[in-house]
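**Q** Next comes the sequence, and after it the predicted model I'd like to discuss.
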Amino acid sequence: MYHDPKLKRGLPTDRVVPQSVSGKVRRIKWGLLALCLAVYYGLPFLRWDRGPSRPDQAILFDLASVRFHLFGLEIGPREFYLVTGGLVLATLVLVLLNALAGRVWCGFFCPQTVWSDLFMLVERRVEGDRRDRLRKAAAPFSVRRGGEIALKHALWLLIALVTGGAFVLYFADAPTLLADVATGTASSTAYGMIATLTLTTYGLAGFGREKVCTYMCPWPRLQGAIWDPEALTVTYRDYRGEARMSAKKAAAARAQGIPAGDCVDCFACVAVCPIGIDIREGPSIACINCGLCVDACDTTMGKLGRERGLIDYETWTNIERERRGEPKRPARLIRPKTVALAAAVLVLAVGMPLLIAGRPEFGLGVAHERNPVAVVLSDGRIRNGYEIRIANASPSAATFRLTVEGAAPVTLAIAAEPGSEAEALTLTAAADETRKVRVSVFGRPDVNGDVRFTLTAPSGESVATVDRFLLPGS
């Protein structure tokens, strides 16, 4: 990685000190940074009316009752497989974005990038831009320098504290928890989570930065497997930029008919790179596709009166075409691969909410006991045993009515309570509970055949299932 040799004395060689840059890409990144931070800090305070005695926070991860509330959707323990579906959906979205524009997620939306950008903004405001920071790092320590360092770290810790505090608000009613945290009455778990998130944000965004993106994150390691030559990625037009030389030398060389490139070797693209790589060395898995080098190079080309785009978002297919002297073609964002990925994303994104919305809040399962299959009682009636499974997926306990019908009149009783024989049983299941009950069904031999079990909820809704009523020797 490159650092100004005149200014790096005494500075560790593995430290990346990015320079600020202005331009179209940088403005887009500032806008998205503000949007991401507003969403993260603001979402816990959005309200959503779910009716009386129900939480009214739009997004709430209620760990106590193991229920996730996402606006109109409610995910309980029985739907926890949807978390796997959500992870698959997130992976498909990342792969789709990679097929369209490489590591654009990493460069614009990743939390590590967003908070690192915010921390670097604070650093520049307090200590100055790249050259100022390099000069101060090489200069003798002073009281003023100590004050700047203290102020920077205080602001970093404040941002990290607000970040950790905002995170816990997703796990309880935000206004209530915020007041409890401020007054010191929140639980030790809440303070522990805030402390953990504060320290990780402070460490990763303040010190880890490019090391997280290069070494800790698994996504760069996958780029070799999913790299797409049709994706728009940050690339250097070497056929146009080489051979590198200063503007004066390039003018003299061209006057003598010697080939000279547009690149003046100013290292502006390296100086602004938050990862510390030189994009002119070719595609790199460490590149997060943030495009800051595009702004830096365009600025230099503008000052020299040369065409922009020496470094640009371009497909590798077009780079090779231009290198061969062929005209480039528009980027093929719509192609079989991206269509298939987009279709898979759409199916999951639409299918999972529909699956949640269409699920019943209770269910009934019946399994006939096998030993014994049937028993003849002293009064001539036949007894069959069944295991009844009542699934209550609602967030509160519910009392159900279980009935059974056959070809002839039948009664039923809880096996463990012989005196409970009746035409219907009342059974209670706790919230998110699957209750198993052994039930005996009594009937004359002419009941032989199917019997229908019906479970009725307090709301009047019912579900039914059919099983066999067997005779001895069947």
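**A** Received the coordinates, thanks. Residues are numbered from 1 along each chain as shown.
**Q** CA atoms for contacts and neighbours, from now on please.
**A** Fine.
**Q** Of all the residues in the lengthiest helix in the chain, which ones are buried?
**A** Secondary structure of the chain per DSSP state H: the longest helix is helix 143-168. Buried residues in helix 143-168, counted by 16 or more other C-alpha atoms under 10 Å: 148, 151-153, 156-157, 159-161, 163-168.
**Q** wouldn't residue 413 be in contact with residue 427 here?
**A** No. Under the criterion of C-alpha atoms under 8 Å, residue 413 is not in contact with residue 427, lying 11.2 Å apart.
**Q** and these two? which has more neighbours close in?
**A** residue 413 (20 against 15; other C-alpha atoms under 10 Å).
**Q** what's the helix or strand for the more buried one?
**A** Taking DSSP states H and E as the definition, residue 413 sits inside strand 410-414.
**Q** Touching that strand from outside, list them.
**A** 403-404, 419-425, 437-444, 447 (C-alpha atoms under 8 Å, 6 or more residues apart in numbering).
**Q** what is the mean pLDDT for that strand?
**A** Average pLDDT, strand 410-414: 91.
**Q** Work out which residue lies at the spatial centre of this protein.
**A** Centroid-nearest residue in the chain: residue 90, 6.1 Å away (criterion: C-alpha atoms, centre = their mean).
**Q** show me what contacts residue 351?
**A** Counting by C-alpha under 8 Å, 6+ apart, residue 351 has no contacts.
**Q** Got phi/psi on residue 17?
**A** phi -120, psi 90 (degrees, to the nearest 10).
**Q** and if you look at residue 265?
**A** Residue torsions, per degrees, to the nearest 10, at residue 265 are phi 60, psi 40.
**Q** Repeat that for residue 297.
**A** According to degrees, to the nearest 10, residue 297 has phi -70, psi -40.
**Q** contacts for stretch 102-112?
**A** Stretch 102-112 has contacts (C-alpha under 8 Å, 6+ apart) with 29, 32-33, 36, 94, 97-98, 113-114, 204-205, 209, 212-213, 227-228, 231-233, 287-291.
**Q** I meant to write stretch 210-217 there.
**A** Counting by C-alpha under 8 Å, 6+ apart, 16, 112, 204, 220, 274-276, 286, 288 sit against stretch 210-217.
**Q** next one: stretch 75-92
**A** 66-69, 341, 344-345, 348-349, 352, 356, 393, 432.
**Q** Just flag the most distant two among those residues.
**A** 341 and 432 (35.0 Å; C-alpha to C-alpha).
**Q** more crowded one of those two?
**A** Shown here are residue 341 and residue 432; by other C-alpha under 10 Å, residue 432 has more neighbours (21 against 18).
**Q** residues contacting the residue lying closest to that one once chain neighbours are set aside?
**A** Nearest non-adjacent residue to residue 432, counting by C-alpha to C-alpha, 6 or more residues apart in numbering: residue 393, 4.6 Å away. Residue 393 sits next to 76, 78, 360-362, 431-433 when contact means C-alpha under 8 Å, 6+ apart.
**Q** Next up, the contacts around residue 59.
**A** Counting by C-alpha under 8 Å, 6+ apart, residue 59 touches 43-44, 46, 68-71, 170.
**Q** One more: residue 223?
**A** residue 285.
**Q** now it: how far from residue 40?
**A** 28 Å (C-alpha to C-alpha, to the nearest Å).
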